[in-house]
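Enquirer: what shape does this take:
(one chain, ligands or ions: 1)
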Amino acid sequence: MYSAAAAAAALPPRRDFISVTLSPEEAVGTGGYNNSKAWRRRSCWRKWKQLSRLQRSVILFLFAFLAVCGVISYTSMGEPWKSLTYKSLDDQRIEPEIPGLKLANPAVLPAPQKADANLGDSPELSPQKPPKPPHVRRGPSNLQIKPPRRDVRLKTRHDTSRVVEEPVQADKEEKTEKSVISWRGAVIEPDQSTEPPSSKIKDPEKPSSVEAEVQKEPVPINERQMAVIEAFHHAWKGYKDFAWGHDELKPLSKSYSEWFGLGLTLIDALDTMWILGLKEEFEEARKWVANNLVFDKNVDVNLFESTIRILGGLLSTYHLSGDSLFLEKAKDIGNRLMPAFKTPSKIPYSDVNIGRGTAHPPRWTSDSTVAEVTSIQLEFRELSRLSGDEKFQKAVDEVMKHVHTLSGKNDGLVPMFINTNSGQFTHLGVYTLGARADSYYEYLLKQWIQGGKKENELLEDYMRAIEGVKKHLLQRSQPRKLTFVGELAHGHFSAKMDHLVCFLPGTLALGAHNGLTADHMKLAEALIETCYQMYAQVETGLSPEIVHFNLHAQKGHKDVEIKPADRHNLLRPETVESLFYMYRFTGDKKYQDWGWEILQNFNKYTRVPTGGYTSINNVQNPSNPEPRDKMESFFLGETLKYMFLLFSDDIDLINLDKYVFNTEAHPLPIWVPA
Ligand code: DMJ
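Expert: Sure thing, here's the model as predicted:
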């Protein structure tokens, strides 16, 4: 018997080897005649055996030689193919220098750009690591995530790995467009010529440049992210079963509520599904948008809410998926919201009838809230950049400029109301970082970031406001000395803090990350601890809507006091949002652990067995938290999205140097990425 023992002996001990066993006859090659049927079938083998050892060696050598030649010629033939494939990228690098020559438009993020600047500098395009050839796809009816023609590396439905389609023979009409599209939000680079539209907005249908992304090693999904996906599935099941296409799920009564009648939850959740990798759900929702989302309706919508949820959701989904359906819908709703700005002061009305094209303030006043009119800018500015129509940006920039000059601020802090006729602040003297003012501060910083940190007035107003917060609103509680942001009413400090204020640590951290003073980060660290304690000190481990902090130590009292009217929880995102920023910027795992606790408590007290999650009336009663029978759209749009991002260690999963989140957690590109 022959075995490969000799060869194995030459190998280091313990290495695996393959043992091949032949019959003794075969082994020695003597070849006795055997006339059995089986033997006859092996005539080749017989002939082989009849050859002399020299003849066999020559044949084997020839085979080996041919094989080597084959391999060499295959690899050298591959080069021309490769260079053909990458040529488009190389072309992009040099073409902008040729006057008048326009570049291919990216499927996403079309924008005016000096394309060579970024592309040339990009380490991602270094010769050692050539970029993946861009996948080309565009068109109203084609989802960019549609199954590729070959080799899409989508491992599992819940796999966090980026999925990039290998080069395909793209459709002809797509040939001039280049972008890397994958099944994850972070994959499409917003640095594709993202320049502010301020001077002249170019037609995005005209060519621009694209930077292709080099794929990194996939970052595996972890258990906590899986738990978020599970929670999303559960919430989505309820919505799908009982509220499909309606605004909000009522999970207990297994029905729905309408606010605008525009499928609010579905739209708010689109980019979350994209980021979580829920492809089937996304495609199903996309179909609904394509077939059922109609804005030509005689319905009053709130300008702010429909901007941050619908316009913001459509724009970010367009960016993530590259699917122009979402851009078209965004343009439609954007245009329909414009009548809101037809006011004597240009400060927009709160409500618009998107079917009739009329707008009006609430019935009882001609005021709008300050947060509402100053937290629509990220979306309208981006819509101008994408549509090539300046009017959107002009309208919202005018509001900011006007508010910048207004009197009635207190060290940068703004009152809560502004009059649409006079353009002046009203109800002076009350200052809060909570409801009605909160996102004014958030959008000062975020617009500055979105526009490439050039709009100094925005930064000035932001910096001044944070100084105002420090001067007038910061206090420390007893007994744990938690730093919190209270309110000021006509000179009197109130130790009241809305859960809404918990956006602030995240915003401060984002500012510090973008080069603002390190003090802001210190304050962010202190405030996020407070926001966490607003959960941890409560019986259910869930925060109420509003807390009052104790300023004086009292025996048996915690820092956090809750009034009966304030003890509800609406599944709000702000603390989780800030935890996400804090973890991104510090890497301190405690922030993930805190978020994990919160998720578990949502599961414990707000999950409805038949599908969906519900807001609750009483966070202080674990045995009966009193479900309210409503799942707000921001639970899917924001809370679960921020949870998923918080648990991720992949900084490119919505890279914060390339995207800025609107106040409803919809990521929009930074025009000139860091
Ligand atoms: C969301 O609609 C937005 O986050 C908004 O800025 C505040 N309110 C809810 C979430 O709490």
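Enquirer: Leu249 is in what secondary structure piece?
Expert: Assigned by DSSP states H and E, Leu249 falls within strand 248-250.
Enquirer: what's the pLDDT at the residue of the stretch 501-650 of the chain found nearest the ligand?
Expert: Closest residue of the stretch 501-650 of the chain to the ligand, Cβ to the nearest ligand atom: Arg572 (3.9 Å). All C-beta atoms are positioned from the backbone trio N, CA, C, and that covers glycine. With respect to pLDDT, Arg572 scores 99.
Enquirer: the residue of the stretch 101-250 of the chain found nearest the ligand bridge partners, please.
Expert: Nearest to the ligand, among the residues of the stretch 101-250 of the chain, is Glu248, at 12.1 Å (Cβ to the nearest ligand atom). Following DSSP bridges, Glu248 is listed with bridge partners Ser257.
Enquirer: the helix or strand bottoming out on mean pLDDT in the chain: what's the following helix or strand?
Expert: When the helices and strands of the chain are compared on mean pLDDT, DSSP states H and E, helix 115-121 comes out lowest with a mean of 29. Downstream of helix 115-121, the next assigned helix or strand under DSSP H and E is helix 223-242.
Enquirer: quick one: the closest residue to Pro415 other than its chain neighbours from Ala435, how far?
Expert: Distances taken as Cβ to Cβ, 6 or more residues apart in numbering place Phe425 nearest to Pro415, at 4.3 Å, with adjacent residues excluded. Phe425 is 16 Å from Ala435, where distance means Cβ to Cβ, to the nearest Å.
Enquirer: so which of the two has more stuff around it?
Expert: Applying other Cβ atoms under 10 Å to Phe425 and Ala435 shows that Phe425 carries more neighbours, namely 20 against 15.
Enquirer: who are the contact partners of the more buried one?
Expert: Taking Cβ atoms under 8 Å, 6 or more residues apart in numbering, we find Phe425 in contact with Val370, Leu406, Ser407, Gly408, Lys409, Val414, Pro415, Phe417, Ile418, Asn419.
Enquirer: list the residues that contact the last one.
Expert: Counting by Cβ under 8 Å, 6+ apart, Asn419 makes contact with Ser345, Ile347, Ser366, Asp367, Ser368, Phe425, Thr426.
Enquirer: can you count the residues close to the third one?
Expert: To tie it back to what came earlier, the one meant is Ser366. For Ser366, the tally of surrounding residues (other Cβ under 10 Å) stands at 18.
Enquirer: ok, it - contacts?
Expert: Residues in contact with Ser366, defined by Cβ under 8 Å, 6+ apart, are Asn419, Thr420, Asn421.
Enquirer: list the buried residues for the strand holding Leu249?
Expert: Across strand 248-250, burial judged by 16 or more other Cβ atoms under 10 Å covers Glu248, Leu249, Lys250.
Enquirer: just checking, His552 touches Arg476?
Expert: No: in terms of Cβ atoms under 8 Å, His552 does not count as a neighbour of Arg476; the distance is 11.3 Å.
Enquirer: pick out whichever of those two has more residues nearby.
Expert: More neighbours surround Arg476 than the other of His552 and Arg476, with 14 against 8 (other Cβ under 10 Å).
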